[in-house]
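K.L.:
Have a look at this prediction, sequence included:
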Amino acid sequence: MIVSLIIPPSPFLGDQKRNTPLGILYIASWLEQHGHRVFVTDLRNVDKEYWNYKIHYGEIYGITATTPEYPYAVDIAKEIKFLNSDSIIILGGVHCTATPSTIDPIFDKVIRGEGEMAILELIYDLKNGKDRRFYTCPTQIDRIEDINTIPFPARHLLPEPSIISCTSTIMGERATSIIGSRGCPYNCAFCSSKVMWERKVRFRSPDNIISEIKYLIERYNVKHFRFQDDTMTLKRSWITELCEKIKPLNVTWRCTTRVDQSEPDILQIMKDAGCYEIAYGIETLEDKILKMTNKDITTEQMIQAIKNAHSVGLKTRLFFMIGLPGQDINIADNIIKFIEETKPSAVDLSTFVPMPGSDIYNNPSKYGIEIMEQDWSKYTMSKGLYGNELEHPFIFKHDILTDDELRMLRRKILEYFNGHNLIHNR
């Protein structure tokens with residue numbers, strides 16, 4: 001079949017094209033491997049009036065969407081239906097996985113969870129006249145256990161500006177995104193990852209990843225990479241072997257991991273293999289909140305991990321959240337003091353949003369909050385000092401702080417970050 005896949009706009013991001021849309025490009029390459037003709041349309045940074053000129057024709061259309069992208073996905077589907085009322089439109093991604101009952105009927109089919117196997121089943125049903133709306137990633141028995149069998153993302157279906165970024169690693173340097181694993185085993189109450197991956201983690205082989213890196217060097221002339229894995233150091237033997245095989249390539253890269261997965265010897269191995277920066281999800285600085293939200297780390301572990309990283313020469317990037325349940329009026333001062341003591345290279349502050357699929361969204365009363373907003377376009381987490389974020393109210397009633405207090409504290413933190421030149425490429 002002819003399949004037209006579509007990436008919706010993400011205007012709530014500072015740089016919509018900083019990261020390569022790997023998820024939908026993996027679906028594209030999987031479909032190509034199974035004999036289908038595939039087009040991919042990137043609508044990031046494209047005004048709505050030009051959508052119909054950009055979208056490739058397909059016998060079926062597939063759109064991916066996070067929660068804040070979902071309203072744009074609906075508008076794209078309406079545009080397609082206006083042009084071709086008989087078109088079959090599929091929605092996939094984390095939002096429809098978490099909230100299937102809320103999905104607009106404009107979407108004929110909905111894929112929940114990992115999409116590769118589900119979309120093949122969907123196409124088979126279409127060809128055989130079987131009418132179903134919901135498809136769920138097969139789990140346990142039929143899951144793609146060996147993700148090395150999935151071809152590299154179909155980057156060839158997009159123009160180079162959708163693949164290469166000069167802001168995702170070292171500013172001004174050509175870089176691209178890559179991922180070596182799928183899933184996260186942790187159970188953070190503010191995260192919806194588990195609805196996609198069921199807390200299962202699968203790793204590509206180091207050799208498979210190295211082959212992709214070599215391809216990217218040759219095809220796109222890049223030597224800088226951003227790994228999008230949730231926890232890069234989760235499996236010690238894997239990261240050690242990967243680093244041994246990356247080292248001869250003389251590339252640089254950045255990644256994310258946890259503070260309780262940051263032993264000095266592993267960090268040294270990564271530094272020797274070209275890693276120049278490691279990012280940590282700090283979120284908040286109160287141990288009782290970290291425990292309550294199932295983050296399962298401590299401030300002592302944070303301090304030690306940052307020390308370990310600095311001791312081997314790695315830059316550190318720290319991610320914080322404002323608005324988590326339990327935070328009080330001291331949160332801004334606590335974050336500022338922590339930064340002054342630990343001296344990270346870069347920081348980021350996200351506005352906490354109870355994302356669909358997270359435990360806080362599913363059970364807000366358990367955390368003492370009340371969700372006030374169901375307009376998905378307002379479920380945006382991070383704009384910093386651009387995009388008028390400072391004027392946006394929080395979408396829930398906090399258990400301790402008023403909306404005015406939350407906004408005041410957010411402004412205080414962001415203005416400190418900006419004044420100390422700590423907000424770099426994210």
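P.N.:
Great, that's in hand. All values reported here derive from a predicted model rather than from experimental measurement. Residues are numbered from 1 along each chain as shown.

K.L.:
Tell me where the stretch 151-300 of the chain has helices.
P.N.:
For the stretch 151-300 of the chain, the helices defined by DSSP state H, counting those that start in this stretch occupy 193-197, 206-220, 236-246, 264-272, 287-292, 299-311.

K.L.:
Where does pLDDT dip in the stretch 301-426 of the chain?
P.N.:
The model of the stretch 301-426 of the chain has pLDDT under 70 over residues 382-389, 425-426.

K.L.:
for the helices of the stretch 151-300 of the chain, which one ends up most surrounded?
P.N.:
Among the helices of the stretch 151-300 of the chain, ranked by average contacts under mean count of other Cβ atoms under 10 Å, first place goes to helix 193-197 (a mean of 20). For every residue, glycine as well, the C-beta is placed using N, CA and C.

K.L.:
any idea how far Ile335 is from Leu290?
P.N.:
Look at Ile335 and Leu290: by Cβ to Cβ, to the nearest Å, they are 14 Å apart.

K.L.:
sorry, back to before: same list, the helices of the stretch 151-300 of the chain, but as TSV with distance to Leu83 please.
P.N.:
Listed next are those as TSV, based on distance: least, Cβ to Cβ, whole Å:
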stretch	distance to Leu83
helix 193-197	31
helix 206-220	33
helix 236-246	46
helix 264-272	49
helix 287-292	49
helix 299-311	52
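
K.L.:
what's around the closest residue to Ile303 other than its chain neighbours, how many residues?
P.N.:
Nearest residue to Ile303, sequence neighbours excluded (Cβ to Cβ, 6 or more residues apart in numbering): Thr342, at 6.5 Å. Per other Cβ atoms under 10 Å, the neighbour tally for Thr342 reads 18.

K.L.:
Can you spell out which helices and strands pack onto the helix or strand hosting Asp404?
P.N.:
Secondary structure assigned from DSSP states H and E places Asp404 in helix 403-419. With contacts defined as 3 or more Cβ pairs under 8 Å, 6 or more residues apart in numbering; DSSP states H and E, helix 403-419 has these neighbours: strand 315-322, helix 331-342, strand 346-351.

K.L.:
Buried residues of that helix, list them for me.
P.N.:
Glu405, Leu406, Arg407, Leu409, Arg410, Arg411, Lys412, Ile413, Leu414, Tyr416, Phe417 (16 or more other Cβ atoms under 10 Å).

K.L.:
With adjacent residues omitted, what lies nearest to the first one?
P.N.:
Think Glu405. Nearest to Glu405 is Ile329, by Cβ to Cβ, 6+ apart, at 6.5 Å.

K.L.:
What count of nearby residues applies to the one you found?
P.N.:
12.

K.L.:
what's near enough to touch it?
P.N.:
Counting by Cβ atoms under 8 Å, 6 or more residues apart in numbering, Ile329 touches Ile400, Leu401, Glu405, Leu409.

K.L.:
Among those residues, which one lies nearest to Ser205?
P.N.:
Within the contacts of Ile329, the smallest distance to Ser205 is 45.2 Å, found for Leu409 (Cβ to Cβ).

K.L.:
wait, that closest one sits on Ile331?
P.N.:
Yes: between Leu409 and Ile331 there is a contact under Cβ atoms under 8 Å: 5.9 Å.

K.L.:
shared neighbours, those two?
P.N.:
Ile322.

K.L.:
Just give the closest residue to the residue most central in space within the chain, not the sequence neighbours.
P.N.:
Closest to where the C-alpha atoms of the chain average out (Cα atoms, centre = their mean) is Gln228, at 7.4 Å. Nearest non-adjacent residue to Gln228, counting by Cβ to Cβ, 6+ apart: Ile179, 4.5 Å away.

K.L.:
Is that neighbour in contact with Phe227, as I believe?
P.N.:
Yes: Ile179 lies in contact with Phe227 (Cβ under 8 Å); the separation is 6.6 Å.

K.L.:
Can you give me the domain boundaries for this protein?
P.N.:
The domain map for the chain lists 2-136, 164-419, with the assignment taken from automatic domain parsing.

K.L.:
I'd like the buried residues of helix 403-419 as JSON lines, with distance to Phe396 appended.
P.N.:
Below are the buried residues of helix 403-419 laid out as JSON lines (distance: Cβ to Cβ, whole Å):
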{"residue": "Glu405", "distance to Phe396": "14"}
{"residue": "Leu406", "distance to Phe396": "10"}
{"residue": "Arg407", "distance to Phe396": "13"}
{"residue": "Leu409", "distance to Phe396": "15"}
{"residue": "Arg410", "distance to Phe396": "14"}
{"residue": "Arg411", "distance to Phe396": "18"}
{"residue": "Lys412", "distance to Phe396": "20"}
{"residue": "Ile413", "distance to Phe396": "19"}
{"residue": "Leu414", "distance to Phe396": "20"}
{"residue": "Tyr416", "distance to Phe396": "24"}
{"residue": "Phe417", "distance to Phe396": "23"}
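
K.L.:
What is the most widely separated pair among these?
P.N.:
Glu405 and Phe417 (18.8 Å).

K.L.:
Do a quick rundown of the strands in the stretch 101-250 of the chain.
P.N.:
109-112, 134-136, 175-178, 181-182, 202-203, 224-227 (DSSP state E, counting those that start in this stretch).

K.L.:
For the residue nearest to Ile303, list the residues it contacts.
P.N.:
Thr342 makes contact with Met302, Ile303, Ile306, Thr316, Leu318, according to Cβ under 8 Å, 6+ apart.
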